[in-house]
Every structure is written in C-alpha cells, then in structure tokens.
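A.B. asks: Okay, sequence plus prediction incoming.
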Amino acid sequence: MLKAVAACIALCAATHAAAGEPRRVFIAGDSTASAYPAERAPREGWGMQLQPWLAEGWDVRNHAQSGRSARSFVEEGWLDGIARELRAGDVLLVQFGHNDEKVEDPTRYSDPALAFPQWLARYVALARAHGATPVLVTPVARRKFDGTQLLDTHGPYPQAVRELARREGVALVDLAGSSMDWLRALGDAASKPYYLHLPAQKQADDTHFSAAGARVVACLVAAGWRDADPAAPVKPVDTDECRAIPAPAPAPVSPSTVVNEADIAVGQPGPHEGAGTTTAYPFFADATGFDLVFRKRALHPGATIGGHVNDKDEIYYVLSGRGELVLNDATREVGPGDAILTRSGDSHALRQLGDEDLVIFIVYDESARKP
C-alpha cells in the first residue's frame, strides 16, 4: 500500500511541477502545530518550522488551529477550508490528541477507543477522495517530569492513531514516541528552554514551544515521516540531527524604552479569519520581563475581526471610527471612547463601519491565556 502511495505522490508531484504549480503539504492540527503572529514570540508551533525540512519544490500550508480537537476542527469548518484547496499529489499531515482528551469539554472530547479514530478516519477519507496522501501523526509529548521520570500524559490516544494507521495502510509519524525519547534524553532542566519556560514573563508552559522547540519537533516530524516512507518529500534527516538543535539562550529582562508606532506598523489580514486588511502596531513585542500585551490595530474599510471564542480576558478601547460589535450573539455599534471587556470563554467579532478606519487599542495579560 505505501509503495503505491509513494508512486502516486511522485507521479502527481511531477505533473504539478511540469505545470508550474506548487506541491503542498497541508497540516491539520492543534496549537502545538499552529502558526502565531510576531507579537506572540517566542511561541511557535512546529508547523511554522516544517518548511526547511521539506524537499525542494514543496510548500507548507499550515491550517492547524489552537484549541481544536479532531472533532471540533471538523465541526467548526476548518477541515472544509483544507478540502477547498486540496488536490491530487498533495499531502495531508494530521496531528490531534491534546484537546481530544479534555473530557470536561463535550465540544472537543472524543473517547480514544471509538470516536477519536472515527474522526481521524474522516481526514484520511478526505485526502484520498482528493487524490492526496494522508499521513497520521501521534500527538507530541508534553514536558511533564516527576523527578527524573517523564510522564506520559496522552494515555491511549497515540495508540489509537497507530492502530488506525495500520488498519488504513497510512504512513505513521510516531511523534509521541520520538518526542518522549528526546525529552527523556535531555531531562527536566535541560528541556525547559525548548518549551515556554520564561521566568521573566512568569510563563511555565509545558505544552507549547519556543522557536528552538518548534524546530526540534518539526525535525522529528520530518525524520519520522522519512522513516515511515523513504519516498516522503523531506530532506535526509534523522533523529540524532534533530536532538542536536541547540536550546535558546535565556532572554534578558529588557530595559525601559520608547517605541514609535511608525517604526513597527505591519499590514495584516483581518485577525481570526476576518475580512479585509488591517494595520497592526505590536508595541514592545520583543520586550521581556512582563506579561502585559499592548497593541493598536487599525481596521481599514471593510475589515473585520472574525468571530472567535476567547482564550483570555481582553480589553478593546476604541480610539476612532465606528464598528459593529457582536458579543455573545448580542450586536451593538461602538465608537470613540467605548471600552469593551471580553471575558475568557466568551465569543466576539468586530466589523469596521463607514469610510473611516476603526482604530482600537488591545490589552491583555499573556500569562492568563489558556493553552
């Protein structure tokens, strides 16, 4: 089966290359793989670091979304976004498990024996229906030590992925196993810099990665994929090379400073899959030693902040312009002087109105964000 899949990849890739079309590796997954804007540095998902490990002529399309499970990724329509782009010769990497384990949340939980593999099977079927190649990835390890012993926090979920891959004849990247081996070899103290252990920012996050951690995990994905399928479109790499990626040096506490918004302005699409264009001003994005995030954003005519569920408490303050706010299904117009408190777990969206930019300040405590 895998030899036939490899032959299909090679044939379809050659066809697209001859047509001048990119060959793509799509990622469906959760916050451990998803992309983050510059103001969230040094937090990175492994999908942000996969591109350097791919063979020439292949591009990453990272559709991973923070907080999603195999179930909620489908039910919220994120898999539909992949389906609209997926074509013959593409690859779909699928990594879930972290949020599927959350039994307290019925919108995300899937039992590992039955529902979890059933949801994953939908990704496999979608890829095959489009002539693409599915690759299943077991969930990356959390960094949780009890003394010198690394604990397995995923229970039966990785095994459910392994068994599904065997039944479906799908290539398997056993990232749970390789990442646990990597963490055990490092030990508790030496592994901290690869995750978001940032004393200056009062962060001790054992789920999400620093840039160096994302590089290691992306490397482990590439190495595991190549082991499972020698024809995989990745550069020659093995786990020893991945483990040799150095940890970042500790970040010093940054000094007092003055920043002018003209020096940091960056154009961005509407956040949270919103419409139109915006200009973001990520004040003090590189500063260390405090948890307060302070940003200004201008929503240009037609721009929106897409509807989403908050993973933190957040304050918007309207400086100028007009907008339409949807907060927990209640809609109202907002303008200069309005301050909007949105609580963790609530949902909201914001739309610019009229001809004038809607300009807002955004403030939140980074340490209070839910993983």
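C.D. replies: Received the coordinates, thanks.

A.B. asks: tell me the mean pLDDT for stretch 320-329?
C.D. replies: Per-region confidence: stretch 320-329 scores 96 on mean pLDDT.

A.B. asks: hey, C-alpha coordinates of that stretch in CSV?
C.D. replies: The C-alpha trace of stretch 320-329 is given here as CSV (Å, rounded to 0.1, in the frame of the first residue of the first chain):
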residue,chain,number,x,y,z
SER,A,320,-11.6,56.5,16.4
GLY,A,321,-14.0,55.3,13.7
ARG,A,322,-17.1,53.2,14.1
GLY,A,323,-17.6,49.5,14.4
GLU,A,324,-20.3,46.8,14.9
LEU,A,325,-19.5,44.5,17.8
VAL,A,326,-21.0,41.1,18.2
LEU,A,327,-20.5,39.9,21.8
ASN,A,328,-22.1,36.5,22.7
ASP,A,329,-24.7,37.0,19.9
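
A.B. asks: buried sites along it?
C.D. replies: Within stretch 320-329, the residues that count as buried by 16 or more other Cβ atoms under 10 Å are Gly321, Arg322, Gly323, Leu325, Val326, Leu327. Where C-beta positions appear, they are placed from N, C-alpha and C, glycine not excepted.

A.B. asks: cool, stretch 192-207 as well?
C.D. replies: So for stretch 192-207, counting by 16+ other Cβ under 10 Å, buried means Lys192, Pro193, Tyr194, Tyr195, Leu196, His197, Leu198, Gln201, Gln203, Asp205, Asp206, Thr207.

A.B. asks: Stretch 147-162 too?
C.D. replies: Across stretch 147-162, burial judged by 16+ other Cβ under 10 Å covers Leu150, Thr153, His154, Tyr157, Pro158, Ala160, Val161, Arg162.

A.B. asks: In strands, which of the buried residues of stretch 320-329 appear?
C.D. replies: Residues of the buried residues of stretch 320-329 located in strands (DSSP state E): Arg322, Gly323, Leu325, Val326, Leu327.

A.B. asks: Helices of this structure, residue ranges please.
C.D. replies: With DSSP state H, the ranges of helices along the chain come out as 2-18, 70-75, 78-85, 115-129, 157-168, 175-186, 188-191, 211-228, 239-243.

A.B. asks: Now distance to Tyr316 too, for the ones in strands among the buried residues of stretch 320-329, in TSV please.
C.D. replies: What follows is these, written out as TSV (distance: Cβ to Cβ, whole Å):
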residue	distance to Tyr316
Arg322	13
Gly323	9
Leu325	8
Val326	13
Leu327	10
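
A.B. asks: Sort out which one of the residues you listed lies nearest Ala222 for me.
C.D. replies: Val326 (41.2 Å; Cβ to Cβ).

A.B. asks: what residues are up against that closest one?
C.D. replies: Gly307, Ser347, His348, Ala349, Leu350, Arg351 (Cβ atoms under 8 Å, 6 or more residues apart in numbering).

A.B. asks: Among the residues you listed, the buried ones, what's the ChimeraX command?
C.D. replies: In ChimeraX, this line selects whichever of the contacts of Val326 come out buried by 16+ other Cβ under 10 Å:
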select :348,349,350,351
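
A.B. asks: Quickly check the contacts of Val326 for the two that are furthest apart.
C.D. replies: Most distant of the contacts of Val326, by Cβ to Cβ, are Ser347 and Arg351, 14.3 Å apart.

A.B. asks: Give me the number of neighbouring residues for Ala41.
C.D. replies: 13 (other Cβ atoms under 10 Å).

A.B. asks: nope, Asp365 is what I meant
C.D. replies: Asp365 has 15 nearby residues by other Cβ under 10 Å.

A.B. asks: ok, the closest residue to Ala204 other than its chain neighbours - contacts?
C.D. replies: Using Cβ to Cβ, 6 or more residues apart in numbering and skipping the chain neighbours, the partner closest in space to Ala204 is His197 (5.5 Å). Listed by Cβ under 8 Å, 6+ apart, the contact partners of His197 are Gln203, Ala204, Asp205, Asp206.

A.B. asks: So, low pLDDT: which residues of the stretch 1-150 of the chain?
C.D. replies: Scanning the stretch 1-150 of the chain for pLDDT under 70 picks out 1-20.

A.B. asks: no wait, the stretch 201-350 of the chain
C.D. replies: Scanning the stretch 201-350 of the chain residue by residue, the ranges that satisfy pLDDT under 70 are 201-202, 250-251, 289-291.

A.B. asks: just the strands in it please.
C.D. replies: Remark: strands assigned in the stretch 201-350 of the chain by DSSP state E, counting those that start in this stretch are 203-209, 266-269, 277-283, 292-299, 304-309, 314-320, 322-327, 330-334, 339-342, 347-353.

A.B. asks: Remind me what the fifth one packs against, helices and strands.
C.D. replies: Read that as strand 304-309. Applying 3 or more Cβ pairs under 8 Å, 6 or more residues apart in numbering; DSSP states H and E, one finds that strand 304-309 contacts strand 347-353.

A.B. asks: which residues sit against the strand it packs on?
C.D. replies: 272, 274, 276, 299-310, 316, 321-329, 333-334, 340, 342, 358, 360.

A.B. asks: try it again with 7 Å
C.D. replies: Contacts with strand 347-353, where a contact means Cβ atoms under 7 Å, 6 or more residues apart in numbering, come from 299, 301-309, 321-328, 342, 358.

A.B. asks: Just the angle for it relative to strand 304-309, thanks.
C.D. replies: 170 degrees (axes from the mean of the first three to the mean of the last three Cα atoms, to 10 degrees).

A.B. asks: Stretch 277-297 spans what distance, first to last residue?
C.D. replies: 10 Å (Cα to Cα, to the nearest Å).
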